[in-house]
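1. after the sequence you'll find the predicted model.
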Number of protein chains: 2
Amino acid sequence: MRVLALLDGTLADPDAPLLRVDDLGLVRGDGIFETILVVDGKPRELDPHLDRLARSAAILELPEPDRAAFERATSLVLDNWSGGAEMALKLVYTRGIEGGDGTPTGFALGLPISAKVLAQRAAGISAVTLDRGIEPGLAERAPWLLLGAKTLSYAVNMAALREAERRGAEEVVFTTSSGSVLEGPTSTLLAVNGRTITTPPATLGILPGTTQAALFRAAKREGWTVVVEPIPAADLHTADGVFLVSSVRKVTRVHTLDGKPLTDASALATELADLYESEY
Amino acid sequence: MRVLALLDGTLADPDAPLLRVDDLGLVRGDGIFETILVVDGKPRELDPHLDRLARSAAILELPEPDRAAFERATSLVLDNWSGGAEMALKLVYTRGIEGGDGTPTGFALGLPISAKVLAQRAAGISAVTLDRGIEPGLAERAPWLLLGAKTLSYAVNMAALREAERRGAEEVVFTTSSGSVLEGPTSTLLAVNGRTITTPPATLGILPGTTQAALFRAAKREGWTVVVEPIPAADLHTADGVFLVSSVRKVTRVHTLDGKPLTDASALATELADLYESEY
């Protein structure tokens, strides 16, 4: 089942056409989005997601998203959902019609979590490292590259996932050209050693993760050490555990990297999953 | 006036919604496009544009575009156009509905040339150089970055144009981090010295230009030397002329770069414009 709500507070048919061909979200990938996990009718990290949507809008110089309208559309989707216990809620916001009056296009779409993601959460995933072609300093030096914004221009992320598939893997760990870990195409990377969880800094040109932040909150509370610093890709092979986390995938264990099995982190995965769930 | 034709050979209302919210062209910028200049009912470089559309599709592993269907949609737009002598014809092709049966979305949209582009053709433009964050070799080493494909994921190109505007200019010349010239966000760069026209090689990770190719054809026939090789950005300040060329902008002169006036190339601009027109 799918539920679609518009920013004007009305429901719409998700199977019917809604967008014009000259919407800049389509013809220029000129817009932003968020994907929020909803469990038992409760959206997780809604405020951090709406904060990030606003940050992305500021980076793209889009009009500030109407937070109340997105919250109302979110409630409308939740109220009309009769699907499973979990839902992926997608918020989309574009620059609107090319040559139009500047009114942005926006909507909230509730979707089931795919069977693939559910299976990967349980079984873990195989990933490959792929060069993202960016170097430290670039994001700050060249803000027009939009490296910290969650834009609709995701063709490269999708191409990277196809490359992973071609190499017999399911996911991607992007790296800088010099081999420092960045993020997944739609996830944040964590490396665990002992009671320390490390994630690369957003200043490298990656997205600050909402799920990573929630997990770090829980982990700190339980006495873990959480660190934000660069991770050489080679270190992933000696870590106690490597994870890709995101709203829909939660805390998913990477069991194989570039064809090589990583340290068995099954027990650690359960521990981190419990930590994350303890936040809700 | 605007005319919209679909790949099934029918016309549609360009002001009415046509796309679903879960079209991958929108939610992932996962699709490709071409913009073709039509003058007096005749599309220019239609075959090279359709060839490039097919190349972009191959790079993105999209189903091969139905060339006959795009040609038919093109004819339909031309036959129903009652606007000015010139039209910009946009061909768009996306991966279709997320989780759907894989049927791509495609259409042809005829639009007027904007007054801004017409004015810039006549008066020339002011441009700024901006770091595109890519280095020679990256495009070949990391094909998943899609550097040679004309994708719908153009948010960075649009952001660069806003940065140019912020700096008081109208256009952008992208450079590598080490200062080699690449291209404009929606155009190809040419530098002219004496009777030699130079453009940077597509292997740097830029788009092979259809207008540049047409102009090179005409120039060679008339005894000019045409060269495809890297251009240091500093060389633009000493060139006899610098031009940004594209289907809709034709051969547009850059009169100012990074706030510094370039060599006056007004006469050269007329000469190149005539050369280009001699192809049709």
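-> Structure's in. What do you need? Keep in mind the model is a prediction, meaning the values are calculated, not measured.

2. can you get me a residue count around the nearest residue to A:V242 once chain neighbours are set aside?
-> Spatial nearest neighbour of A:V242, excluding adjacent residues (C-beta to C-beta, 6 or more residues apart in numbering or on different chains): A:V254 at 4.3 Å. Bear in mind the C-beta positions are built from the backbone N, C-alpha and C, glycine included. The local packing of A:V254 (other C-beta atoms under 10 Å in any protein chain shown) involves 26 other residues.

3. just how off-centre is the strand or helix carrying A:V254 within its chain?
-> Applying DSSP states H and E as the criterion places A:V254 in strand A:250-257. Centre-to-centre, strand A:250-257 and its host chain are 15 Å apart (C-alpha atoms, centre = their mean, to the nearest Å).

4. and the closest residue to chain B within the stretch 101-250 of chain A, how far from B:D30?
-> Of all residues in the stretch 101-250 of chain A, A:S153 sits closest to chain B, at 3.4 Å by C-beta to the nearest C-beta. When distance is defined by C-beta to C-beta, to the nearest Å, A:S153 is 10 Å away from B:D30.

5. quick one: contacts of the helix or strand following the strand holding A:V254?
-> Using DSSP H and E, the helix or strand that follows strand A:250-257 in sequence is strand A:260-261. For strand A:260-261, contacts defined as C-beta atoms under 8 Å, 6 or more residues apart in numbering or on different chains pick out A:H237, A:H255.

6. mind listing the strands strand A:260-261 pairs with, and their directions?
-> strand A:250-257 (antiparallel) (DSSP bridges).

7. quick one: average confidence on the partner strand?
-> Strand A:250-257 carries an average pLDDT of 98.

8. only C-alpha atoms, please: export it in CSV.
-> Extracted in CSV, the C-alpha atoms of strand A:250-257 (Å, rounded to 0.1, in the frame of the first residue of the first chain):
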residue,chain,number,x,y,z
LYS,A,250,18.5,0.6,10.5
VAL,A,251,21.8,-0.9,11.6
THR,A,252,22.9,-3.3,8.8
ARG,A,253,26.1,-5.3,9.2
VAL,A,254,28.6,-5.5,6.3
HIS,A,255,29.9,-9.1,6.3
THR,A,256,32.0,-8.9,3.2
LEU,A,257,34.0,-6.0,1.7
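
9. in it, what counts as buried?
-> Going by neighbour count (16 or more other C-beta atoms under 10 Å in any protein chain shown), the buried part of strand A:250-257 is A:K250, A:V251, A:T252, A:R253, A:V254, A:H255, A:T256, A:L257.

10. just give the number of residues close to the closest residue to A:G9 other than its chain neighbours.
-> Leaving aside its chain neighbours, A:G9 sits nearest to A:R72 (5.2 Å; criterion: C-beta to C-beta, 6+ apart). By other C-beta under 10 Å, 17 other residues sit near A:R72.

11. ok, A:L18 next?
-> 22.

12. ditto for A:A54
-> The local packing of A:A54 (other C-beta under 10 Å) involves 17 other residues.

13. same check, this time on A:V156
-> By other C-beta under 10 Å, 24 other residues sit near A:V156.

14. same thing with A:A127?
-> So A:A127, with other C-beta under 10 Å, has 26 neighbours.

15. what sits against it?
-> Contacts of A:A127 (C-beta under 8 Å, 6+ apart): A:A164, A:A169, A:E170, A:E171, A:V172, A:V173, A:G184, A:L244, A:V254, A:T256, A:L257, A:D258.

16. rerun at 10 Å
-> Residues in contact with A:A127 (C-beta atoms under 10 Å, 6 or more residues apart in numbering or on different chains) are A:164, A:167, A:169-173, A:184, A:187, A:189, A:236, A:242, A:244, A:252, A:254-258, A:262.

17. how about A:I97?
-> By C-beta under 10 Å, 6+ apart, the contact set of A:I97 is A:L19, A:R20, A:V21, A:D22, A:D23, A:L24, A:G25, A:V27, A:T103, A:P104, A:T105, B:D15.

18. for the first one, report the pLDDT, please.
-> Listed pLDDT for A:L19 reads 96.

19. how about it, nearest residue that isn't a chain neighbour?
-> B:L19 (4.3 Å).

20. next: the third one.
-> For A:V21, ignoring the flanking residues on the chain, the nearest one in space by C-beta to C-beta, 6+ apart is B:L18 at 5.2 Å.

21. who does the residue nearest to A:V242 form a beta bridge with?
-> What pairs with A:V254, by the bridge criterion (DSSP bridges), is A:I125.

22. that one against A:A123, yeah?
-> No - using C-beta atoms under 10 Å as the test, A:V254 is too far from A:A123 to be in contact (11.4 Å).

23. quick check: neighbours shared by those two?
-> A:E170.

24. coming back round to it: look up phi and psi at the residue nearest to A:G9.
-> Main-chain torsions, A:R72, degrees, to the nearest 10: phi -70, psi -40.

25. my guess is it meets A:L91, correct?
-> No - using C-beta under 10 Å as the test, A:R72 is too far from A:L91 to be in contact (11.9 Å).

26. okay, and the common contacts of those two?
-> By C-beta under 10 Å, 6+ apart, the residues touching both A:R72 and A:L91 are A:L7, A:A108.

27. in the host helix or strand of A:S56, what's buried?
-> Using DSSP H and E, A:S56 maps to helix A:46-59. Neighbour counts over helix A:46-59 (16+ other C-beta under 10 Å) mark A:L46, A:P48, A:H49, A:L50, A:R52, A:L53, A:A54, A:R55, A:S56, A:A57, A:I59 as buried.

28. of the residues you listed, list those near chain B.
-> Among the buried residues of helix A:46-59, the ones lying near chain B by C-beta under 10 Å from any C-beta of the partner chain are A:I59.

29. I'd like the buried residues of helix A:46-59 laid out as JSON lines, including distance to A:E86 and pLDDT.
-> Output for the buried residues of helix A:46-59, formatted as JSON lines (distance: C-beta to C-beta, whole Å; pLDDT from 0 to 100):
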{"residue": "A:L46", "distance to A:E86": "15", "pLDDT": "98"}
{"residue": "A:P48", "distance to A:E86": "18", "pLDDT": "98"}
{"residue": "A:H49", "distance to A:E86": "16", "pLDDT": "98"}
{"residue": "A:L50", "distance to A:E86": "20", "pLDDT": "98"}
{"residue": "A:R52", "distance to A:E86": "21", "pLDDT": "98"}
{"residue": "A:L53", "distance to A:E86": "21", "pLDDT": "98"}
{"residue": "A:A54", "distance to A:E86": "25", "pLDDT": "98"}
{"residue": "A:R55", "distance to A:E86": "26", "pLDDT": "98"}
{"residue": "A:S56", "distance to A:E86": "24", "pLDDT": "98"}
{"residue": "A:A57", "distance to A:E86": "27", "pLDDT": "98"}
{"residue": "A:I59", "distance to A:E86": "30", "pLDDT": "97"}
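
30. now the helix or strand of chain A with the lowest mean pLDDT: buried residues?
-> Lowest on mean pLDDT, DSSP states H and E among the helices and strands of chain A sits helix A:138-141, with a mean of 94. Within helix A:138-141, the residues that count as buried by 16+ other C-beta under 10 Å are A:L138, A:A139.

31. all good on my end, thank you.
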